[in-house]
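Q: Sequence first, predicted model second:
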Amino acid sequence: MKKIIFFLLLFVSAELFAQHEKSPRSTYPGLFETVQLSRIYADGKSFPDAIPKAEPSVIMKAYLAQRNSKDFNLKSFVDAHFNLPESHTALYQSDIKAGIEKHLDTLWTVLQRNPDTVSAYQTSLLPLPKPYLVPGGRFREVYYWDSYFTMLGLKEAGKTKLIKDMVDNFAYLINTYGFIPNGNRSYYLTRSQPPFFAAMVQLLCQDNPQVKLSEYKNALEKEYQFWMKGADQLKPGKAINHVVRLNDGTLLNRYYDADDQPREESYLEDAEAARSTKQNPATFLRHVRSAAESGWDFSSRWFADGLSFSQIITTDLLPVDLNTLMYHLESTIAAANKEAGDTKKANLFSASAKKRKAAILKYFWNAQQNFFTDYNWKNKSFSKQLTLAAAFPLYFKLATATQAKAVSEKLEKDFLKPGGLITTLKTTRQQWDAPNAWAPLQWVSIQGLHHYGYHKLADTISNRWVNLNISVFKETGKLMEKYNVVESKSKGGGGEYPLQDGFGWTNGVLLKLLKR
């Protein structure tokens, strides 16, 4: 109990949301922290996703009245007042004999959620107006960047209507909250994820004359404003929100969470980690939360020494993948305005994209490593961590022919393993490090190599990844969130939670590669 009291005093809840939605921690002050720090549930995401059986005010009144009783049992109290969430894939059993494509076709139905209805009592779920797909397992809501890679498979399956529904949901989130949250939960309203919305819209418009790019022009521009908020007043050498202005006036982006408290879905883990770092707790926790915004949570990529979680420095780094995505967003907004007949705005965003491309080639091409790396704007140096983020400039066709050749050679020499490409060259027990591999990064790398004519290497990666997916499926009847590509027929490991099956983006990328 002393440990719980310490954390309650250390992390006093702060209302940082601009939105009116209250997160579970602000809805159940005191009760929330006590539940999370007591670890009465194995998964820290269970209680934030729980569905109350009464009005929060009624539950809090009962808690305050009962908590000091001698016979008070915290778990019994929570069980009496909340329904814990279910896993969407827990009850699903696949038919291995029917084959992988039948499994994929069935999973679209298993993972689909109908339009949300507003709960009788406040929950953390942010309702969406149209159907959508969840990744699976503990991930019971839509996730931003996951959805683009899931859509690749939906397109191959001919489910264009569902793609449009999901794109419309993301446009709804932008129009409602000013950005696309990490997921449609109130505790995600302080951060986004890698901005793939422009890529989603373009995917929807491909071979679909009924949908125009210009229909999403306003939503695209609003998302851009979110990522560039504060840029106009920013002085050289300074940063604000997601924007950094370098000494030469160049504007680039970083990942940045608006909160500096423990993540609600990983409250105990973050609180304990904050005690083991020499950083200021608020600074450390913002780095942690910002890494969660990157989608790479967690990786040696974000660690100052490339090894220690306690040395995480996410907001000090300008990520090559994020800035490549921002270049694509600027280019897409330019195209949408051109289609809408607004030549002036189209030219403005084209100029911004051109400037960003030059900046990417200047600040992210590490000539010493002959590879694209992140850039530390605080100490004005290239990151020493080599990761698959280097494939993004190839995916969005920003790299020169010489750079693409160098990247392809290093991918083949250092990253290629029996099951595909490892995420980084470090083994740290973090899930976004070796020996783990993830479907989105396989796809970005494969497609990026194809763009520059390295078809043999791209096909080798593709074949190894597909074979690994299928071999694990034949043994388990499942497709996984991540895989160990170093060991034969191996599922991935590491991270804050058990390996999840389902799994949205694995399904999407696998079907895309199988159809190819």
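A: On my side now, so go ahead.
Q: hey, let's count contacts and neighbours off CA atoms from now on
A: OK.
Q: could you pull out the strands for the stretch 151-300 of the chain?
A: Listed in chain order, the strands of the stretch 151-300 of the chain (DSSP state E, counting those that start in this stretch) span 238-240, 243-245, 251-253.
Q: for the first one, packing partners?
A: This means strand 238-240. For strand 238-240, the packing partners by 3 or more C-alpha pairs under 8 Å, 6 or more residues apart in numbering; DSSP states H and E come out as strand 243-245.
Q: what comes into contact with the strand it packs on?
A: 227-231, 234-239, 251-254 (C-alpha atoms under 8 Å, 6 or more residues apart in numbering).
Q: For the helix or strand hosting Phe392, what does the pLDDT average out to?
A: Using DSSP states H and E, Phe392 sits in helix 392-395. The predicted model assigns helix 392-395 a mean pLDDT of 98.
Q: Show me what it is packed up against.
A: helix 320-340, helix 439-451.
Q: Please name whichever of these is nearest to Phe392.
A: The minimum distance between Phe392 and these falls on helix 320-340, with 5.5 Å, by C-alpha to C-alpha.
Q: mean confidence for that closest one?
A: 98.
Q: Give the buried residues for it.
A: 320-339 (16 or more other C-alpha atoms under 10 Å).
Q: Stretch 368-382 too?
A: Of the residues in stretch 368-382, those buried by neighbour count under the rule 16+ other C-alpha under 10 Å are Asn370, Phe371, Phe372, Thr373, Asp374, Tyr375, Asn376, Trp377, Phe382.
Q: Quick one: mean pLDDT over it.
A: pLDDT averaged over stretch 368-382 gives 98.
Q: One more: stretch 233-242?
A: pLDDT averaged over stretch 233-242 gives 97.
Q: do the same with stretch 398-408
A: In the prediction, stretch 398-408 has an average pLDDT of 98.
Q: what does stretch 282-292 give?
A: Per-residue scores along stretch 282-292 average to 98.
Q: Can you give me the neighbour number for the residue nearest to Tyr92 when sequence neighbours are not counted?
A: The shortest distance from Tyr92 to any non-neighbouring residue, by C-alpha to C-alpha, 6 or more residues apart in numbering, is to Val110 (7.6 Å). By other C-alpha atoms under 10 Å, 17 other residues sit near Val110.
Q: if we can go back for a sec, could I get the strands of the stretch 151-300 of the chain as CSV with mean neighbour count?
A: What follows is those, written out as CSV (neighbours: other C-alpha atoms under 10 Å):
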stretch, mean neighbour count
strand 238-240, 18
strand 243-245, 24
strand 251-253, 24
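Q: what's the residue nearest to Tyr92 sitting at in phi/psi?
A: Dihedral pair for Val110: phi -60, psi -40, per degrees, to the nearest 10.
Q: circling back: would you turn the helices and strands packed on helix 392-395 into JSON lines with distance to Phe170?
A: What follows is the helices and strands packed on helix 392-395, written out as JSON lines (distance: least, C-alpha to C-alpha, whole Å):
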{"stretch": "helix 320-340", "distance to Phe170": "15"}
{"stretch": "helix 439-451", "distance to Phe170": "19"}
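Q: Quick check: which of those helices is nearest to Glu21?
A: Nearest of the helices and strands packed on helix 392-395 (C-alpha to C-alpha): helix 320-340, 27.4 Å.
Q: Let me see the residues that make contact with that closest one.
A: Against helix 320-340 from outside (C-alpha under 8 Å, 6+ apart): 194-196, 198-199, 213-214, 216-217, 220-221, 224, 252-255, 343, 345-350, 352-353, 356-357, 360, 364, 372-375, 389-390, 392-393, 396.
Q: got it, and stretch 59-68?
A: Tyr28, Leu31, Phe72, Leu74, Phe77, His81.
Q: so how far is stretch 232-248 off the chain centroid?
A: Between the centre of stretch 232-248 and the centre of its chain there are 24 Å (C-alpha atoms, centre = their mean, to the nearest Å).
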